[in-house]
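Student: My questions are about this predicted structure, shown below with the sequence.
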Amino acid sequence: MRKRALHLLLLGLALAFLPAGQAFCEEKPAEANKPAAADKPLKISQEDTLFMDGVMKEMNGDRAGARDAYSKILEIKPDDTRTLISRGRVLAQMGNQEAGTADMNRAFGLIGEALKKNPNDASLYYLRGYANRCLKQFDKAIADTKKAIQLDPNRPNYPLDLRMIELEKRLDAQQREREKKEGP
């Protein structure tokens, strides 16, 4: 169940921002939020291709491959918050808590700066919610995702992700309760 939830989380995150075309904390021109014309082919950036490669490797249990794919993106776009969060999560799972925490803290800083400039950007709240979700700070993740839904109610993945966070919160609480009963 947890593995399936992680797969849905990763795919949702990857699809939520396609096509990215820029780091998420850069200011976006107003027309960037408009849907592309139906007659134009979808252009997927090198960064998005690498991100999907990282997601697929992570889903297949290849954490080192995922880390490497995310690191390549950060060589191109050092301030790509989506990638900093994903690499931070993978590094922590690999046992490198210090580097994982550094990536997460950098991402939180960039998101905070961007929110000061664009307080109504739903994608920033969604992204911060994703980071909090990775850190198992479920109440903060829920609040940020609800804010993203409020600002952009037409994003179909936002409500789905909200339900997934709520489910993960319940599963995490149940797991902690089992561990508490079983003892050390």
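Tutor: Sure, I can see it. Residues are numbered from 1 along each chain as shown.
Student: With Gly65 as the reference, measure out to Pro159.
Tutor: 31 Å (CB to CB, to the nearest Å). Where you see a C-beta, it was placed from the backbone N, CA and C, and this is true even at glycine.
Student: That should have said Leu162, apologies.
Tutor: Where Gly65 is concerned, Leu162 sits at a distance of 30 Å (CB to CB).
Student: Neighbour count: these two, which is higher?
Tutor: Leu162 (19 against 16; other CB atoms under 10 Å).
Student: got a list of what the nearest residue to that one once chain neighbours are set aside touches?
Tutor: Spatial nearest neighbour of Leu162, excluding adjacent residues (CB to CB, 6 or more residues apart in numbering): Thr145 at 4.6 Å. Shown in contact with Thr145 (CB atoms under 8 Å, 6 or more residues apart in numbering): Tyr125, Tyr126, Gly129, Tyr158, Asp161, Leu162, Ile165.
Student: element containing Thr145, please.
Tutor: Using DSSP states H and E, Thr145 sits within helix 138-151.
Student: Show me which residues of that helix are buried.
Tutor: Neighbour-count burial for helix 138-151 flags Phe138, Lys140, Ala141, Ile142, Asp144, Thr145, Lys146, Lys147, Ala148, Ile149, Leu151 (criterion: 16 or more other CB atoms under 10 Å).
Student: What is the burial count for Arg87?
Tutor: 25.
Student: sorry, that was for Leu167
Tutor: Neighbourhood size, Leu167 [other CB under 10 Å]: 14.
Student: next one: Asp48
Tutor: 18.
Student: Also the one 3 residues further on?
Tutor: Residues lying near Phe51 (other CB under 10 Å) number 27.
Student: Which of the contacts of Thr145 fall within helices?
Tutor: When the contacts of Thr145 are checked against helices (DSSP state H), the matches are Tyr125, Tyr126, Gly129, Tyr158, Asp161, Leu162, Ile165.
Student: quick one: which of those has the most company?
Tutor: Result: Tyr126 is most packed of these (other CB under 10 Å), 28 neighbours.
Student: Leaving out the residues flanking it, which one is nearest to that residue?
Tutor: Using CB to CB, 6+ apart, the nearest residue to Tyr126 is Ala148, at 4.0 Å.
Student: Isn't that neighbour up against Leu115?
Tutor: No - applying CB atoms under 8 Å, one finds Ala148 not in contact with Leu115, separated by 11.7 Å.
Student: what residues are shared contacts of those two?
Tutor: Residues touching both Ala148 and Leu115 by CB under 8 Å, 6+ apart: Tyr125.
Student: Any regions of this protein where pLDDT drops low?
Tutor: Scanning the chain with the threshold set as pLDDT under 70 gives 1-40, 184.
Student: Kindly recompute the last result at 90.
Tutor: 1-48, 134-135, 180-184 (pLDDT under 90).
Student: Any idea how far stretch 133-140 is from the middle of the chain?
Tutor: 12 Å (CA atoms, centre = their mean, to the nearest Å).
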